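> Here you go, sequence then predicted model.
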Amino acid sequence: MNVFFDAISLLISADNDLLMIVGLSLWVSLVAVLVATLIGMPLGAATALYKFPGRKILVVILNALMGLPPVVVGLLVYMLLSRSGPFGVLGLLFSPTAMIIAQTILVIPIIAALSRQIIDDLWVEYAEQLISLGASPTRRMMTLLWDGRFSLLTAVLAGFGRATAEVGAVMIVGGNIDHATRVMTTSITLEVSRGNLALALGLGIVLITLSLSINAAAFLVKEAAENRQV
Amino acid sequence: MIAQPILLLSLNSICFKASGKQLIKELSYQFKVGPRSIIIGPNGAGKSLLLKLCHRLLEPSQGHIQWHVEAENKSNTAFHQAMVFQRPVMLRRTVSANVEYALSLRGINKAQRRARTEEVLGLTGLSHLARFSARVLSFGEQQKLALARAWALRPRVLFLDEPTASLDPTATYEIEKVINAIHDSGTQIIMTTHDLPQAQRLADEVLFIHRGRLLESGPATTFFAGPTNQFAQAFLKGDLLMWDRPETKMLGD
Amino acid sequence: MTQSLKFIVFFLTPLIATLTTPSQATSAEYITLASTTSTRDTGLLSSILPIFTKGSGIRVRVVAVGTGQAIKIAKNGDADVLLVHDKKSEHSFVADGYGVKRYDVMHNDFVVVGPVKDPAAIAGMKDVVKAFGKIAHNKSIFLSRGDDSGTNKKEYSLWHAGGIDTTKASGDWYRETGSGMGATLNMASAMNGYSLADRGTWLAFKNRKKLKILLEGDTRLLNPYGVILVNPKRHPHVKAAAGKKLIDWLISKEGQSAISAFKISGEQLFKGSLKQKLTLTR
């Protein structure tokens, strides 16, 4: 019960540090999901709709990459962005940008693989009618993406969930630097290592509440859109 | 009424093979401009396949399909056809948006799209549903919408694949009314059905398909009075023609 | 019109949301300090670094990881200054050309913590090597960090000094967590086991349950810290001037008194090395 009081007092005090940590967590994950959607959704849709050599292998790879361990992604991105690495000159390591890059890589396969399946299923239903009406391949993709928007939104939310929940990638490429790259998950890890279990759990509850709010908002938007015309 | 019949579509010895089976065998026919053609036959005869071949949704494995109509854009004969399927495919948007979508694919500008949509929804009795999500319509209404959508394109030919197979008699009547109206407005109807009374009501000419072959064709009146082909006779009598029953096997299968 | 509006709402909602998050102002000059989790967990850095920043205007971003990782980060040139407590590695770091010069900064000491019940009966002993011998003989649960950190290497040296080979007992009474000090202490408190911890982390640790300090004061338990500037000849982008300012401040009178003034629960944690003689904090 102690835990819940800690969490509530955290929320009420809403001290600057906490606000900064929450804000950074949202910023990093939302931008990562946005970029991952812009890349992953067309990728998944194209894989569903176009035939090309190696297509089946790509499907298997995308599905498998959904299980990419965040810490491995963090390690790989660290090696790329390190001053001793190929992109060191950009000086991106231990910054929010590095964290966004790592999370984007993590989330793209999720959105791509789920989009592919959704568009694939829709295509089975719509193929004959769309071809009959004379839709070009590009137009077909846009039509299916729009028609599947509710399912695709769920795919995006899945990606968002993955991003906000992971700690391995942001810890390595961000460095958990106080007032710079500390996010909710790395804070929780820090408090656990300090033995502040109650505080850690309180932060965890804040994180879950945040996730719940965002999903609730998405749900309400969806409900409003669906009920518009009846 | 036409002194010299004008050719619309020629099918020359087309064959279609899938999963190792010959589903359409050496089928030849000349569709003329004008008459409403109805393709009948037992389930699995290949009626839908034939329609899709004509509409170029499928390519024949052998043989040749030739359109004889002039289109504004000769390179794309698809643009003067439309097709309505047994189960209507509605996009997740409003009734009028569904119609406007089809028109937008043809590059028609916004004002014209709106005008044509209103016109066609009025003609099919769907105007009061224009703002509704297409998905909440009843099955019969959705099928009417599919017809309206196809009609808005003002196609030269409209293919219909068993359009009333899943509908009750009232809805069927409504759909047939719309089909007649479409025909009267200048779009030629080529349709399949397994509903014999419907074929009798709507057809000008009949094609009887069985096991992938065209066994008989001709004016509706003569066909329904008494077909010459034995299988056609059996079909009209109401005998179920099963695919693998020995007595339904023909020479050369 | 409504269609494109819906498109925007659905797919660009994240963008709209991010406009309302606080921005990170990083306009001031900053340097990156690679240090260890034990150093961070004491709270020393968050206490003394703001004093430095106020005086110099240079912000210090601390990346606190395991000793091995901190040194690797410094070798890669991803940090400007290195602050760890592993003399041997620090000297190699400079000798191999990765660092400019090693300076003594401060020291604290290690303590042996264990269950109040003390099954190996080491409480109050003065000889840590003998105490470890008793733990091994008794096969009492011992939690090792097992991560090649400064603390870990000190621990190995103590087993080694007593001629005890712990590799055979790994997984049995000798448990290697491969984690930081905090995580290891969490496990020690959960398993009621012994462990070697730096006093700083211990004092700041909040999940003690039935653990307490059982042995301290042995000279072999001294824990000296060194600070090194990453060599700009090796990594030209290193902020050498600003980094040098931090090092100079740490070994200056002001820095040293800030270090000595740092207390947890009224106890002084670190002794500044400026006092030349290395002595124990108790």
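That came in fine, so what should we check first? What you see is a predicted model, and the numbers here were worked out from it, not measured in a lab. Numbering: from 1, shown residues only, chains lettered A, B, ... in the order given.
> From residue C:259, how far out is residue C:253?
11 Å (CB to CB, to the nearest Å). The C-beta positions use only the backbone N, C-alpha and C, and glycine is treated the same way.
> So the two - more neighbours on which side?
Taking other CB atoms under 10 Å in any protein chain shown, residue C:253 and residue C:259 do not tie; residue C:259 has more neighbours (24 against 10).
> How much space separates the more buried one from chain B?
Relative to chain B, residue C:259 is positioned 66 Å away (CB to the nearest CB, to the nearest Å).
> What residues does chain A have near chain C?
In this structure, chain A approaches chain C at residues A:19-20, A:23-24, A:26-27, A:30-31, A:33-34, A:37, A:82-85, A:88, A:91, A:93-94, A:96, A:146, A:149, A:153, A:175-178, A:180, A:192-197, A:218, A:221, A:225, judged by CB under 8 Å from any CB of the partner chain.
> do that again at 6 Å, thanks
Counting by CB under 6 Å from any CB of the partner chain, chain A comes close to chain C at A:23, A:26-27, A:30, A:33-34, A:82-84, A:93-94, A:149, A:175, A:177, A:180, A:193-197.
> Any quick ChimeraX command for the buried ones out of those residues?
Here is the ChimeraX command that selects the buried residues among the residues of chain A next to chain C (16 or more other CB atoms under 10 Å in any protein chain shown):
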select /A:23,26,27,30,33,34,82,83,93,94,149,175,177,180,193,194,195,196,197
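> Please flag which of the residues of chain A next to chain C sit within helices.
A:23, A:26-27, A:30, A:33-34, A:149, A:193, A:197 (DSSP state H).
> just curious, which of the residues you listed is nearest to chain B?
Within those, proximity to chain B (CB to the nearest CB) peaks at residue A:149, which comes in at 7.6 Å.
> Show the pLDDT at that closest one.
According to the prediction, residue A:149 has pLDDT 94.
> still on that earlier bit, if we look at chain B, which of the ones in helices among the residues of chain A next to chain C are close to it?
Applying CB under 6 Å from any CB to those, none is adjacent to chain B.
> With distance to residue B:107 added, can I get those residues in CSV?
Compiled in CSV, those are given as follows (distance: CB to CB, whole Å):
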residue, distance to residue B:107
A:23, 47
A:26, 43
A:27, 43
A:30, 38
A:33, 36
A:34, 33
A:149, 25
A:193, 64
A:197, 65
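> what comes into contact with stretch C:182-191?
Here stretch C:182-191 makes contact (CB atoms under 6 Å, 6 or more residues apart in numbering or on different chains) with A:193-194, C:41, C:141, C:143, C:145, C:177, C:195, C:205, C:207-209, C:211.
> 8 Å - rerun?
Defining contact as CB atoms under 8 Å, 6 or more residues apart in numbering or on different chains, one finds that stretch C:182-191 is touched by A:192-195, C:37, C:41, C:113-114, C:141, C:143-145, C:175, C:177, C:179, C:193-195, C:197, C:201-202, C:205, C:207-211.
> what is the mean pLDDT for it?
Rounded mean pLDDT across stretch C:182-191 is 90.
> Return the alpha-carbon coordinates of it using CSV.
Taking C-alpha atoms only, stretch C:182-191 is exported to CSV below (Å, rounded to 0.1, in the frame of the first residue of the first chain):
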residue,chain,number,x,y,z
GLY,C,182,22.7,-2.0,-5.9
ALA,C,183,21.3,-5.0,-7.6
THR,C,184,23.8,-7.3,-5.9
LEU,C,185,22.9,-5.8,-2.5
ASN,C,186,19.2,-6.4,-3.3
MET,C,187,20.0,-10.0,-3.8
ALA,C,188,22.1,-10.2,-0.7
SER,C,189,19.3,-8.8,1.4
ALA,C,190,16.8,-11.2,-0.3
MET,C,191,19.1,-14.3,0.2
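> and residue B:189, which of the three is it?
Assigned state for residue B:189: strand (three-state reduction, DSSP: H, G, I helix; E, B strand; the rest coil).
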